[in-house]
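Trainee: Quick check, what structure comes out for this input:
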Amino acid sequence: MRIARTIAEVRAAVDDAKQRGHRVGLVPTMGAFHEGHLSLMRRARAENGLVVVSLFVNPTQFAANEDLSTYPRDEQRDAALAEAEGVDVLFAPEPAEIYPDGFATSIHVAGITEVLDGASRPGHFDGVATVVAKLFGIVRPDVAYFGRKDAQQVLVVQRVVRDLNLDVRIEPCPIVREPDGLAMSSRNVYLVADARARATALHRALDAAAAVHRDGVLDAESIRSSALAVLADAGIDPEYLELRDADSLAAVDRVERDALLLVAARVGAARLIDNLLLKGDA
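Mentor: This is a model prediction of the structure:
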């Protein structure tokens, strides 16, 4: 596996692969790899001739009061894990390589970035959209892989690709969970033992809502109430727990089309998110 620090290096590797007729797969990450990341790499490895994994803790998607300085970093460990999965190029640039002096461009996706995490973290999705567009321009992948845990992020990236006519296919991949249901996240390392046990309530809350929905309940407030009760029992006051249209993120009163139940909550030192798709009949 090659570790590329510069745009020129990763472009040279991609140009060589494309000249040999290989398809290029990209897995964008911020490092601190866990099984969720590795599952994306395996999917990319199975489907592409060249696999590029970007490892870049993107400063523009962190607010001033967020955990940029303490975000978990261990490049040596990450590189070993990526190499074991058959990754060809680990693109690990310094911030100045991505945002050189004078950088003054930002991408804003209206509407879907102004709710949920967008409301809680102003500017976050501008940073996501901008860095993803830059990575697509640098790597020129045929396909890029994203985890469904960050469901709103997936929708934002899909909108960027559609609106800017970018020639890349977005492949959303399943959430990978711990045996007790907790969605895998790099921020799980912040959880001490008590908080780690309480954090499982997020998935249990979603499961409770899914059970109510399977029983034929379509009313959004009834579905939300079943999930909120589980969180309350665990002493968790969610930042949000909302039922939204799975395509537009518009609020829904009834599950008549596919809908996402999305939750964000601070548990101990960690801000965690999770979601579940509820299938509609329409």
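Trainee: Outline the domain layout of this protein.
Mentor: Domain ranges of the chain: 2-173, 189-276, per automatic domain parsing.
Trainee: average model confidence for the first one?
Mentor: The average pLDDT for domain 2-173 rounds to 97.
Trainee: That one: end-to-end distance?
Mentor: 25 Å (CA to CA, to the nearest Å).
Trainee: Next one: residue 114 from residue 199, what distance?
Mentor: Residue 114 is 27 Å from residue 199, where distance means CB to CB, to the nearest Å. Bear in mind the C-beta positions are built from the backbone N, C-alpha and C, glycine included.
Trainee: In contact with residue 91, which residues?
Mentor: Residues near residue 91 by CB atoms under 8 Å, 6 or more residues apart in numbering: 4, 10, 52, 53, 54, 55, 56, 138, 139.
Trainee: And for the third one, the neighbour number?
Mentor: Here the number of neighbours of residue 52 (other CB atoms under 10 Å) works out to 28.
Trainee: Now do the phi/psi pair for the nearest residue to it once chain neighbours are set aside.
Mentor: Closest residue to residue 52 apart from its sequence neighbours, by CB to CB, 6 or more residues apart in numbering: residue 89 at 4.6 Å. Main-chain torsions, residue 89, degrees, to the nearest 10: phi -130, psi 130.
Trainee: In this structure residue 89 contacts residue 10, no?
Mentor: Yes - applying CB atoms under 8 Å, one finds residue 89 in contact with residue 10, separated by 5.9 Å.
Trainee: Now list whatever residues contact both of the two.
Mentor: Listed as contacting both residue 89 and residue 10 by CB under 8 Å, 6+ apart are 4, 52.
Trainee: what about the helices in the stretch 1-150 of the chain?
Mentor: Counting by DSSP state H, counting those that start in this stretch, the stretch 1-150 of the chain has helices at residues 7-19, 35-47, 75-84, 95-98, 117-120, 124-139.
Trainee: could the ones you listed be laid out in a markdown table, adding distance to residue 226?
Mentor: Formatted as a markdown table, the helices of the stretch 1-150 of the chain follow (distance: least, CB to CB, whole Å):
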| stretch | distance to residue 226 |
| --- | --- |
| helix 7-19 | 47 |
| helix 35-47 | 26 |
| helix 75-84 | 38 |
| helix 95-98 | 43 |
| helix 117-120 | 23 |
| helix 124-139 | 29 |
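Trainee: nearest to residue 246, of these?
Mentor: Closest approach to residue 246 among those is made by helix 117-120 (15.8 Å; CB to CB).
Trainee: how about the closest one: buried residues?
Mentor: Buried residues in helix 117-120, counted by 16 or more other CB atoms under 10 Å: 117, 118.
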